[in-house]
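> I'd like to go over a predicted model; first the sequence, then the structure.
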Amino acid sequence: MIVAFSVAPTQTPGREAEMADAVAQAVAVVRASGLPNETNAMFTLIEGEWDEVMAVVKEASEAVLAVSPRVSLVLKADIRPGYRNQLRGKVESVEKRLKERKEEHYDGTR
């Protein structure tokens with residue numbers, strides 16, 4: 001499964017820490033997990049089996065809870081048993097199709 005999630009503090013009372021500091025703690029948890037992952041401007045993606053992925057999401061949320069009494073968690077999952085390496089595979093599939101379209105365009109067939 002692939003999970004895209006975003007976890008962030010909704011408040012950091014008595015602290016001047018920026019949201020990025022708390023998010024960095026969460027991302028550090030994900031990276032330390034050893035599971036395939038990537039982080040972009042909106043989400044962190046992680047791939048693995050249900051229990052291991054959800055355990056990492058929980059631990060990342062707890063890392064943010066350590067600096068904020070209230071945390072926002074947004075989660076989207078692609079649950080596809082039997083498939084692995086989809087974090088990269090899905091992107092490669094789209095890139096392949098884009099390349100084919102570009103080649104068709106320059107070939108004059110379209």
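Thanks, I have it.

> now the helices for the protein?
19-32, 50-65, 86-107 (DSSP state H).

> of the ones you listed, which approaches Glu38 most closely?
helix 86-107 (6.7 Å; C-beta to C-beta). Heads up, the C-betas are built off the backbone N, CA and C, glycines and all.

> can you put the helices of the chain in JSON lines and add mean pLDDT, distance to Ile79 and mean neighbour count?
Below are the helices of the chain laid out as JSON lines (pLDDT from 0 to 100; distance: least, C-beta to C-beta, whole Å; neighbours: other C-beta atoms under 10 Å):
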{"stretch": "helix 19-32", "mean pLDDT": "94", "distance to Ile79": "19", "mean neighbour count": "17"}
{"stretch": "helix 50-65", "mean pLDDT": "97", "distance to Ile79": "7", "mean neighbour count": "17"}
{"stretch": "helix 86-107", "mean pLDDT": "86", "distance to Ile79": "11", "mean neighbour count": "11"}
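
> Can you pull out the residues in contact with stretch 53-67?
Here stretch 53-67 makes contact (C-beta atoms under 8 Å, 6 or more residues apart in numbering) with 1, 3, 5, 7-9, 12, 15, 17, 21-23, 25-30, 33, 35, 44, 46-48, 71, 73, 75.
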